[in-house]
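Asker: Following is a predicted model, sequence given first.
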Amino acid sequence: MSGERRRTRTAILISGRGSNMVALIEAARDEAYPAEIVLVAANLPDAGGLERAAAAGIATASVDHRPFGKDREAFEQALDAVLRQHDIELVVLAGFMRVLTPWFVGRWQGRLLNIHPSLLPLFKGTHTHARALEAGVAEHGCTVHFVVPELDAGPTILQASVPVLPGDDEASLSARVLAQEHLIYPQAVAQVAAGTVRLENGAVVSA
Ligand code: GRF
């Protein structure tokens, strides 16, 4: 026995290209990183990130939400079964475009993280960069938070801000924010996986 701490078995849930997923996989290549990415799962079988995960040697799964129609919980039960098959301890949403029910959120309470492309509580929901430009804010950014049943309302673990520059459009602003997402998401996941940050009575507590 080396006495080293066992790494936290972590799944990343995606719906799209998976650039945050790649940042997390790269961080976790370091054996000293406290989370091990053991699964990438998508709700869309053609999510581009699945191929990138497979190329990195990570197990992948897709649980298509469409056959479940409006029954969100039935979809989540199928997804949850896959997570349990892989003995997942921590679930990381990275561009996962399904709203989760209180059932799923409750089951993973304190072990479910999301990254949102705004300085929450500003600009909850979608089209955050366009709305930030429209509002004329001088600063914009991203937030990693624990997931609670209310959308984009969970307690913040880390935030990073960027300036909004003259001449910015949605593409330039989102690229500047995304570069920060790739830095803070691996940091936040490491803190939760290592147990130095946790959710307690609805608030973030640091060890
Ligand atoms: C990111 O902007 C993230 O904040 C949001 O969805 C986007 C996912 O991008 N939740 P990617 O798939 O990680 O590249």
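Answerer: Happy to help now that I have it.
Asker: List the buried residues for stretch 184-204?
Answerer: 184-186, 188-193, 197-199, 204 (16 or more other C-beta atoms under 10 Å). Where C-beta positions appear, they are placed from N, C-alpha and C, glycine not excepted.
Asker: same thing with stretch 160-168?
Answerer: 160, 162, 164, 168.
Asker: Please apply the same query to stretch 105-124.
Answerer: Neighbour count says stretch 105-124 has 105, 107-108, 111-120, 123 buried, by 16+ other C-beta under 10 Å.
Asker: Is the ligand within reach of stretch 174-194?
Answerer: Yes: counting by C-beta under 6 Å from any ligand atom, contacts between stretch 174-194 and the ligand involve 178, 181.
Asker: Render the CA-only coordinates of that stretch in CSV, please.
Answerer: Extracted C-alpha coordinates of stretch 174-194, given in CSV (Å, rounded to 0.1, in the frame of the first residue of the first chain):
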residue,chain,number,x,y,z
SER,A,174,-17.7,33.7,-25.4
ALA,A,175,-14.1,32.7,-26.4
ARG,A,176,-12.7,34.9,-23.6
VAL,A,177,-15.0,33.4,-21.0
LEU,A,178,-14.5,29.9,-22.3
ALA,A,179,-10.7,30.2,-21.7
GLN,A,180,-11.5,31.0,-18.0
GLU,A,181,-14.0,28.1,-17.8
HIS,A,182,-11.2,25.7,-18.8
LEU,A,183,-9.1,27.0,-15.9
ILE,A,184,-11.7,27.2,-13.1
TYR,A,185,-13.6,24.0,-13.8
PRO,A,186,-10.6,21.7,-13.2
GLN,A,187,-9.8,23.7,-10.0
ALA,A,188,-13.3,23.4,-8.6
VAL,A,189,-13.7,19.7,-9.4
ALA,A,190,-10.4,19.1,-7.7
GLN,A,191,-11.6,20.9,-4.6
VAL,A,192,-14.8,19.0,-4.3
ALA,A,193,-13.1,15.6,-5.2
ALA,A,194,-10.5,16.2,-2.5
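Asker: Could you give the average pLDDT over that stretch?
Answerer: Throughout stretch 174-194, pLDDT has a mean value of 98.
Asker: what does stretch 75-94 give?
Answerer: 98.
Asker: Briefly note if it comes near the ligand.
Answerer: Yes: counting by C-beta under 6 Å from any ligand atom, the ligand has neighbours in stretch 75-94: residue 94.
Asker: what residues does that stretch touch?
Answerer: Stretch 75-94 is contacted by residues 8-14, 18, 20-21, 24, 35, 38-39, 41, 43, 49, 59, 61, 63, 65, 68, 98, 100-101, 103-104, 107-108, 111-115, 147, 185, 189, 192-193 when judged by C-beta atoms under 8 Å, 6 or more residues apart in numbering.
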